[in-house]
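> structure, please.
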Amino acid sequence: MEDFHDVTISLERVNSSDLRKDDWMESQMQSRIGEYLVTESRSIWVGTWNVNGRRPNDDVAPWFQSSPNQPKLASMYCIGLQELDLSVENFMTGNSNSLEGLWIAHISSAIQRVTSGSHSLLIIKRLVGILLLIFVENSIKSDITNIATMEVPVGIMGVMGNKGAVAVRMDWCDTSICILNCHLNAHAEAVERRNQDHMEIMKKATFYVSDGEVERNLKLVDHTYLIWMGDLNYRINLSYGQALSCIQREDWESLLAADQLKIQIARQLAFTSFIEGPITFPPTYKFSAGTTNYSGEAKGRTPSWCDRVLWMVNERAMGKSGTFTVPTEYPKIDQISYGASWEILGSDHRPVFSLFNLGTVRVNGTSKSRIWSYLHRAWDQVENSQRPLLKFRPILENGIVDDLIPMGIDPNRKEIRNNIDFGIVEYPAVVTREMMVINAGNVPARFQFVPKMNSKSICQPWLQVAPMGGSLRPQGELKLTFTITINNWNAAPLNSRKDQLEDILILHLDGNVDYFITITGKYQVSCFGNSLSELVRYPGAIRYSEPLPEGSQSKLQLPKEIWRLINYIYASGVDQPGMGLKTPHLFMTHNSTPASILAVRDSLDTGTDFPSGMDVRTVAETLLKFLENLSEPVIPFIFYDVALQCRTFSDCRQLLAKLDPISYNTFYYLMAFLKQLLQFSADNKLTPESLAMVFSRVLLRSGNKNSEGEGVSSAVAMKNRIDFILPFLNPN
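Got it, this is the predicted structure:
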């Protein structure tokens, strides 16, 4: 017989404190992690360079050999380039294949020379001018699995790829690693925009990973190591002369005190939780290409550390063998060197590099299974028949737990109801409420949310719940989070009053006990997130009037909201009334505050006048937001793929002839307005191409959240959308 003496003592303690089996098993496996976990140290070289649209002429091999503390070749080389191609065609279409191929071949050749052929290209990821290449040692390729890539554009209107990020994630044995290359917005005064770019990338970046058994959606922070490099474009808040004087004295401390990125991190406004090694080298921007001279004085561009490498470490290691905590005594990450390559002169930036030693882990599956089986059999000797008990306490908006609401259940009852009230919810919405769940019993409590009868869903589409299940020790507490998200994908039933913010969630507890949590809220009906066909049924303000019957002959020809916005643009002006069409760069700038756009939207919803003195550019931006947030675009989803295939003006007009009358009227009304705008192009600086680029994105949208169309890349889809709109803006 097996001797369970060493774990039986532990199990007796477990029984007295009433832990669940899974909790105890996890704890025991963690305590014996040294018996099945092998730790290894791996080196990663990371380099970032803004090539300023230049062709590859410099020998970049010295870049990969620049680290003074690099005794041998790194296991992995990660190269991030920015501004691969500055041509207008590349900006409009995302096509920079010619320079991309040259740079890939150039860098690959240098890597082959440096490594004597021991490394090969693992992955390529590009977004317009942002390129990420990863080379790995051939002997470790089999250790790298679950590779996934993603891209997040944050350029014009938040979608153009002239700025943004690309990233690659992988499991190196049982350690997850993410490498990200970015290019953030430029200019010294755009600090807040760069902060916003960073937050948008952190929020939107998602990897879809499947290892054949489990599908996971991973965010950037879900990796053991996240290395973030690129042209972050943060500048130094000194004059050109002051900065140059500090550089000549090698006074890095004074420069770092004025470094925008360091300031933002200290204020916790961007890159919180990220680490950057000591900077002991001169600023890497801006140089005269081909020289060692700084050259930004004429345009007021102070020498700056635009090109950076930062990293983040997650305490939890997520790999293909599951989630576990790495032993605390094992080093996570060590930056060996951080510097720049000064002999490579082909750009106005200098290449930056950093060498890291990373601690990776490998699970011995045989040893782990043997230990798990041993502990499992040991637990089976212990019986646990007690019943758990839960209590619920909603958390008020000020963070205080409301003790006045009755909680818990009577042991003789099988259910209890608790209420979460979201109050008034406006479009667009991401509103969260929280509730504490407490295990008031003497044994562990295991729970999960389950679907209602005759339903496959746990909750309504606009509601998200986290966590969906879990376990609690006796007297243990857990916070439940309930989030209502309203956007143009789910708002239509709410705006048409066919749906209400009401739901009942069922929380099932082991022991055949169900808890019912009621979700309530009052949704403010809005023209945003609505449909054209619904809006034309409202001759009055949508928030306060009832819609006309479906078949009414009194319906509007197009939504009055569009007419009000365009009429305001006609009647307004930056310099003089009635000159709104002459406003420079109308629809091209997006500097309006969310509050001002919401103020215009509220005027549309309530039928009141727009706020006095409202900037015509804010109204123009609101028009774009209105069209972008329609639940069904002006050209309906079913015609999207057909529209992308239109090759002649005749094809485009034939497609429009198939639209319903409301969509047809709206499209031609908008085109007529844009053509009038172009009559003042000398003043407003607008072109048919620029207007087509902006409006094609909101008038033509794919019905698939994750796809641009059948077999169509994002760059090709963008060009085809623009080509569809352009003929209607032609003066002939």
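> residue contacts, the most centrally placed residue in the chain?
When Cα atoms, centre = their mean is applied to the chain, the residue found nearest the centroid is residue 204 (1.0 Å). Residues counted as contacts of residue 204 (Cβ atoms under 8 Å, 6 or more residues apart in numbering) are residue 152. C-betas here are computed from N, CA, C, even on glycine.
> what separates it from residue 152, distance-wise?
Using Cβ to Cβ, to the nearest Å, residue 204 is found at 5 Å from residue 152.
> same check, this time on residue 658
35 Å.
> those two - which one has more neighbours?
Shown here are residue 658 and residue 152; by other Cβ atoms under 10 Å, residue 152 has more neighbours (24 against 12).
> the helix or strand harbouring that one packs against which elements?
Taking DSSP states H and E as the criterion, residue 152 maps to strand 144-153. Strand 144-153 is packed against strand 119-127, strand 164-172, helix 191-204, strand 207-210, with contacts defined by 3 or more Cβ pairs under 8 Å, 6 or more residues apart in numbering; DSSP states H and E.
> for residue 148, what are its contacts?
Taking Cβ under 8 Å, 6+ apart as the contact definition, residue 148 lies against 168-170, 207-209, 218.
> quick one: pLDDT of it?
pLDDT, residue 148: 95.
> quick one: buried residues of stretch 564-571?
Using 16 or more other Cβ atoms under 10 Å as the test for burial, stretch 564-571 gives 564-566, 568-569.
> ok, now stretch 277-285?
So, applying 16+ other Cβ under 10 Å, buried residues of stretch 277-285: 277, 279, 282-285.
> repeat for stretch 52-70
Residues 52-54, 56, 58, 60-61, 63-64, 66-67, 70 are the ones in stretch 52-70 that count as buried (16+ other Cβ under 10 Å).
> out of these, list just those in helices.
61, 63-64 (DSSP state H).
> ok, those residues vs residue 697, which is closest?
Among those, residue 63 lies closest to residue 697 (Cβ to Cβ), at 37.8 Å.
> for the stretch 151-300 of the chain, which segments count as strands?
Assignment of strands within the stretch 151-300 of the chain using DSSP state E, counting those that start in this stretch yields the ranges 164-172, 175-183, 207-210, 215-218, 225-231.
> possible to save these as CSV with mean pLDDT?
What follows is those, written out as CSV (pLDDT from 0 to 100):
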stretch, mean pLDDT
strand 164-172, 95
strand 175-183, 95
strand 207-210, 90
strand 215-218, 87
strand 225-231, 97
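> would CSV of those strands with mean neighbour count and distance to residue 643 be doable?
What follows is these, written out as CSV (neighbours: other Cβ atoms under 10 Å; distance: least, Cβ to Cβ, whole Å):
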stretch, mean neighbour count, distance to residue 643
strand 164-172, 25, 25
strand 175-183, 26, 31
strand 207-210, 16, 27
strand 215-218, 12, 30
strand 225-231, 25, 35
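> helices or strands up against the strand or helix carrying residue 514?
For residue 514, the host element (DSSP H and E) is strand 513-523. In terms of contacts (3+ Cβ pairs under 8 Å, 6+ apart), strand 513-523 is packed against strand 390-395, strand 417-425, strand 477-486, strand 502-509.
> out of those, which comes closest to residue 246?
strand 477-486 (47.5 Å).
> that older thread, now the residue nearest to the centre of the chain: how far from residue 371?
40 Å.
> quick check: buried residues in stretch 260-276?
By neighbour count on 16+ other Cβ under 10 Å, the buried set for stretch 260-276 is 260-265, 270-271, 274, 276.
> and those as TSV, adding pLDDT and distance to residue 695?
Below are the buried residues of stretch 260-276 laid out as TSV (pLDDT from 0 to 100; distance: Cβ to Cβ, whole Å):
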residue	pLDDT	distance to residue 695
260	98	35
261	98	36
262	98	41
263	97	38
264	97	34
265	97	39
270	96	32
271	97	35
274	96	38
276	97	41
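> got those as TSV, with distance to residue 365 columns?
TSV is the format used below for the buried residues of stretch 260-276 (distance: Cβ to Cβ, whole Å):
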residue	distance to residue 365
260	48
261	43
262	44
263	48
264	44
265	40
270	41
271	37
274	34
276	37
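> may I have the phi/psi pair for residue 664?
Main-chain torsions, residue 664, degrees, to the nearest 10: phi -60, psi -50.
> my read: it touches residue 653, true?
No: assessed by Cβ atoms under 8 Å, residue 664 is found out of contact with residue 653, at 10.8 Å.
> neighbour count: those two, which is higher?
residue 664 (17 against 12).
> filter the buried residues of stretch 564-571 down to just the ones in helices.
Per DSSP H, the buried residues of stretch 564-571 map to helices at 564-566, 568-569.
> if we can go back for a sec, of the ones in helices among the buried residues of stretch 52-70, closest to residue 621?
residue 63 (42.5 Å).
> which residues in the stretch 1-150 of the chain form helices?
Taking DSSP state H, counting those that start in this stretch as the test, the helices found in the stretch 1-150 of the chain are 5-17, 21-31, 61-64, 88-93, 97-115.
> over to the stretch 301-450 of the chain?
Residue ranges of the helices in the stretch 301-450 of the chain, as given by DSSP H, counting those that start in this stretch, are 365-379.
> related to what we said a few turns ago, got a markdown table for the ones in helices among the buried residues of stretch 564-571, with pLDDT and distance to residue 47 too?
Listed next are these as a markdown table, based on pLDDT from 0 to 100; distance: Cβ to Cβ, whole Å:
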| residue | pLDDT | distance to residue 47 |
| --- | --- | --- |
| 564 | 95 | 53 |
| 565 | 95 | 48 |
| 566 | 94 | 50 |
| 568 | 93 | 51 |
| 569 | 91 | 48 |
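> start to end distance for stretch 550-561?
Terminal residues of stretch 550-561 are spaced 19 Å apart (Cα to Cα, to the nearest Å).
> what sits against the nearest residue to residue 696 once chain neighbours are set aside?
Once flanking residues are discounted, residue 696 sits nearest to residue 721: 3.7 Å by Cβ to Cβ, 6 or more residues apart in numbering. Applying Cβ under 8 Å, 6+ apart to residue 721 gives the contacts 643-644, 696-697, 700.
> next one: residue 550
By Cβ under 8 Å, 6+ apart, residue 550 lies in contact with residue 537.
> go on, residue 559?
When contacts are counted by Cβ under 8 Å, 6+ apart, residue 559 touches 527, 532, 535-536, 666.
> would you mind getting the angle between the longest strand anywhere in the chain and helix 97-115?
Assignment by DSSP state E gives strand 37-50 as the longest strand of the chain. The directions of strand 37-50 and helix 97-115 differ by 130 degrees, with axes from the mean of the first three to the mean of the last three Cα atoms, to 10 degrees as the criterion.
> so what does strand 37-50 touch, helix or strand wise?
helix 61-64, strand 76-82, strand 175-183, strand 225-231, strand 307-313, strand 352-363.
> what's the angle from the fifth one to strand 37-50?
The one in question is strand 307-313. Going by the same axes, to 10 degrees, strand 307-313 makes 160 degrees with strand 37-50.
> what packs against strand 307-313?
Going by 3+ Cβ pairs under 8 Å, 6+ apart, strand 307-313 lies up against strand 37-50, strand 225-231, strand 333-340, strand 352-363.
> do the first one as well
Using 3+ Cβ pairs under 8 Å, 6+ apart as the contact criterion, the secondary-structure elements in contact with helix 61-64 are strand 37-50, helix 97-115.
> go with 10 Å
strand 37-50, strand 76-82, helix 97-115, strand 352-363 (3 or more Cβ pairs under 10 Å, 6 or more residues apart in numbering; DSSP states H and E).
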